[in-house]
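# Give me coordinates for this.
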Amino acid sequence: MSSILKNITMAALEPSLLRSKFRGSLLGALIGDCTGSPYEGETITAGEKIIIQRYFDKLEEPNLNLKTPFRAYTDDTAMTKSVAKFLIDKPEPDYGFLARLFVNDYFKEPRRGYGQNVVDVFHKLKTSKFEDVFKPAAEQFMGSGSYGNGGAMRIAPIGLYYHNNYKIMIKVATQSTKITHTHLLGINGALLQCMAVQQALMLDPQKKLDPRHFCLELYLKMKEVEKTEEDGEDESDFTSRAYQEKLKVVERLLGKPHDDNLDDEVIRNLGHGISAYESVPTAIYCFLKTQNESCGIMTDNLLRRTIQYAITLGGDTDTIASMAGAIAGAYLGEDAVNSSIAKHCESYKEIAELADNLFEARGGSLVSE
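Residues are numbered from 1 along each chain as shown. Now for the predicted structure:
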């Protein structure tokens, strides 16, 4: 392991700050999901960016009474909740238990926006009585597996729980992703998102973030993850360095001043789609870009700015905003969560309690490296 990774795993945080960051991350993910879902699949125009600005401004009004009691969460939050419960209830990872949580939650509430490919996996898992929890996903797409962002969108609890045990974090993140996504791009996208959450968690929110240094650290980690295996994998294979190359693009785009043309360039070069490759680097970029620049978002709240900017890029808005919110919340902590916005998100009190339970559970079950 490189020295940079050792330094990260050896870092320590005060318990009160760590608890706040657990809450910030899971609430940030929830807010991104709930506020982003109304815009999913849209191409956002300049006029619609103004509407989104007003939408968030209105949600921040303390006495706002909406016709509907909350903004509903999607499969992003539903599966994130399952991952958190899996970690809280099972000190030793039990992937059969996690698969059952996913399937049971889906059949209880199937209208959360689950993709059809994941639904197919869930039906096969149930029919097979969970005999091999990795087999249905591995059989998809003629055996190549899915490269969607469904693994990445739910991975934040693992980055939080195993924040001081990098090796186990990577192992658990990989195996939990394989229940639904087995393509290398899907797995490595989930790993990159998990790394970003963990890395943000370890930072002092009182110190100014260096976006390029943050990006470099992620690049070095992905270089280790994506290094060519000894079994003869073709070094020219696109997937072998895919996320390293994306992080280079993130770093390049961070050096450019913001304007509408830059947003178009972000969409062209990073993407805003449902694949992990076209969404995880974008979420990371949204977090990094908005910490030091407004990006046209009129608010001083950095968590809101991250989420709102992610939504203005259009495309898979709920998932990208949720992933970006998870990273920003892990960095900033609960203090950055606007309570007026949070209260309009479904189950926000439950998510805050889940974050506390996750924090309490991780205390006695970690193994030192």
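# Where does pLDDT dip in the stretch 1-150 of the chain?
1-12, 67-69 (pLDDT under 70).
# Pretty sure Glu265 sits against Val250.
No - under the criterion of CB atoms under 8 Å, Glu265 makes no contact with Val250, lying 11.8 Å away. Backbone N, C-alpha and C define where each C-beta goes, glycine included.
# Neighbour count for these two, which is higher?
For Glu265 versus Val250, the count of surrounding residues by other CB atoms under 10 Å is larger for Val250: 24 against 15.
# Was I right to think the more buried one contacts Phe287?
No - assessed by CB under 8 Å, Val250 is found out of contact with Phe287, at 10.2 Å.
# May I ask you to confirm that Thr182 is in contact with Tyr147?
No - using CB under 8 Å, Thr182 makes no contact with Tyr147, being 9.1 Å away.
# buried stuff in stretch 52-66?
Neighbour counts over stretch 52-66 (16 or more other CB atoms under 10 Å) mark Ile52, Gln53, Phe56, Leu59 as buried.
# what's the spacing between the second one and Ile320?
To Ile320, Gln53 is 18 Å away according to CB to CB, to the nearest Å.
# Also the third one?
Taken as CB to CB, the spacing of Phe56 relative to Ile320 amounts to 16 Å.
# Then the last one?
Computed with CB to CB, the distance linking Leu59 and Ile320 is 19 Å.
# Next: the first one.
Distance, Ile52 to Ile320, by CB to CB: 14 Å.
# Ok, Gly113 next?
On the measure of CB to CB, Gly113 and Ile320 end up 14 Å apart.
# next one: Glu265
16 Å.
# likewise Glu40?
In terms of CB to CB, Glu40 sits 10 Å off from Ile320.
# same check, this time on Val337
Taken as CB to CB, the span from Val337 to Ile320 is 19 Å.
# Repeat that for Leu160.
20 Å.
# And those two? Which one has more around it.
Ile320 (35 against 29).
# Dihedrals phi and psi, the closest residue to Ile155 other than its chain neighbours?
Spatial nearest neighbour of Ile155, chain neighbours left out: Cys194 (4.5 Å); criterion: CB to CB, 6 or more residues apart in numbering. Dihedral pair for Cys194: phi -60, psi -40, per degrees, to the nearest 10.
# okay, now Cys194: neighbour count?
Neighbour tally, Cys194, other CB under 10 Å: 28.
# I'd guessed it sits against Gly159; true?
Yes - the pair Cys194 / Gly159 is scored as a contact, 4.3 Å apart, by CB under 8 Å.
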